[in-house]
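**Q** Build the 3D model from these lines:
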Amino acid sequence: MLLAHANGAFAAIKGRPQRWLDDALKRGDLAAMRAKTADLPVVNLEDALRIALLVRAHEPEGGQRAAVRWLGRLCLERRDVTLDQVRTALDAFAVLVEEPEAAEATLWRLASS
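**A** You can find the predicted model right below:
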């Protein structure tokens, strides 16, 4: 953990691991993303989707597992999620290669609702 000197005492610098994760995701850097997520106590559902999409883009064999993990988180974290919404998310992951813009838009809508 990084420390900064503040008013004669040392204090943890907050927010830095999240910024590093954001930067890794923007760059599409899978290795850095994995390293940075280990530094975070919690990854929100939207960042988890960004991670799943990045894994799917770089590791097709791992992409399916990342999609399943994200679907599980959607079910756990969105207590009002319906079976139709889960099916919609599953279908969006299934057509991500053929229709990336529409599929990602659907997933983002579900992640942020």
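
**Q** Give me the below-cutoff pLDDT ranges for this structure.
**A** Along the chain, the parts satisfying pLDDT under 70 run over 1-15, 17, 29, 31, 35.

**Q** try 50
**A** Along the chain, the parts satisfying pLDDT under 50 run over 1-13.

**Q** all helices for it, in order.
**A** Listed from the start of the chain, the chain has helices (DSSP state H) covering 16-27, 30-37, 45-58, 60-77, 83-94, 100-112.

**Q** For those, give me CSV that also has mean neighbour count.
**A** Just so you know, the C-beta spots here come from the backbone N, C-alpha and C atoms, and that holds for glycine as well. Below are the helices of the chain laid out as CSV (neighbours: other C-beta atoms under 10 Å):
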stretch, mean neighbour count
helix 16-27, 15
helix 30-37, 16
helix 45-58, 19
helix 60-77, 15
helix 83-94, 15
helix 100-112, 15
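
**Q** Can you pull up the most central residue in the chain?
**A** Closest to where the C-alpha atoms of the chain average out (C-alpha atoms, centre = their mean) is residue 48, at 1.8 Å.
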